[in-house]
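Chemist: all I have is the shape, not the residue letters:
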């Protein structure tokens, strides 16, 4: 992803970027894609009824990650209270999704991968939220 290049080129940023926020943006978009893919793979499984909560959390997490990545990418003006709230919400969504996917990881590789990606995004959010002023 070119988040660093794009944000650095923004006229209001003038080259000064927050590395934790860049990491959060990239992790959010990666996690959103992974969660969408995991939900789709869950729907293709024979045991789809048993994966209903996993699918729901995958889709919720994907939406929240995409929203957070978009909010964090906007540099014209600022609304730190909303951005901090979105990043904190994203960390919670990622934690809950990872917890659920881990329940199925032994039987479904896509759930194992998704849980790992969610944990990485959760950590990136926890790190980034401290830097938003």
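Modeler: Structure's in. What do you need? Everything numeric in this text was worked out from a predicted model, so none of it was measured.
Chemist: what's near enough to touch the closest residue to residue 3 other than its chain neighbours?
Modeler: Nearest non-adjacent residue to residue 3, counting by C-beta to C-beta, 6 or more residues apart in numbering: residue 25, 4.6 Å away. In this view, the C-beta of every residue, glycine as well, is placed from N, C-alpha and C. Listed by C-beta atoms under 8 Å, 6 or more residues apart in numbering, the contact set of residue 25 reads 1, 3, 7, 69, 72-73.
Chemist: pLDDT of the helix or strand containing residue 25, averaged?
Modeler: Per DSSP states H and E, residue 25 falls inside helix 19-44. Averaging pLDDT along helix 19-44 gives 97.
Chemist: count of neighbours near residue 51?
Modeler: If you count neighbours by other C-beta atoms under 10 Å, residue 51 ends up with 25.
Chemist: please begin residue numbering at 18 from this point
Modeler: Will do, 18 is the new start, and the previous item becomes residue 68.
Chemist: find the nearest non-adjacent residue to it, please.
Modeler: Per C-beta to C-beta, 6+ apart, closest to residue 68 is residue 59, 4.2 Å.
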